[in-house]
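Peer 1: Sequence and predicted model, in that order:
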Amino acid sequence: MLIVGIAGGTGSGKTTVVNKLIKAFPNGEVIVIPQDAYYKDNGHIPVEERQKINFDHPDSVEFTLLVKHLNELKKGRTVQMPVYSYLTCLRSEETLIVEPQGYPG
């Protein structure tokens, strides 16, 4: 399993690069794990304060969970990726099931 991280500012072409990678590999060989899904749940912060969150700051992302999920996928295990809402600045109770792809085991 190969993990590729794509970084860049807003409007820099990250989605375009991801879409080209998806097309370059056989169907079902690529999964996309958006970092946005791992924004910290901000339910403990009042609504007015949530709207002031700097989502470009590394502290806004729960990297420990993201790394844990990447490691689980590398081991061939399924993970439940968080679903984040920009409207409420909260994680949904719902998660998305992500299964490893291109895993030989």
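Peer 2: Now that the structure is in, tell me what you want to look at. Residues are numbered from 1 along each chain as shown.

Peer 1: what's the burial count for P34?
Peer 2: Using other C-beta atoms under 10 Å, P34 is surrounded by 13 other residues. C-beta: built from backbone N, CA, C; applies to glycine.

Peer 1: For H69, see how far away it is.
Peer 2: Taking C-beta to C-beta, to the nearest Å as the measure, P34 falls 12 Å from H69.

Peer 1: what's near enough to touch V83?
Peer 2: 37, 91-92, 94-96 (C-beta atoms under 8 Å, 6 or more residues apart in numbering).

Peer 1: Could you rerun that using 6 Å?
Peer 2: Each residue near V83 by C-beta atoms under 6 Å, 6 or more residues apart in numbering is listed here: 92, 94.

Peer 1: do M1 as well
Peer 2: Going by C-beta under 6 Å, 6+ apart, M1 touches K74.

Peer 1: So for it, what's the pLDDT?
Peer 2: With respect to pLDDT, M1 has a value of 74.
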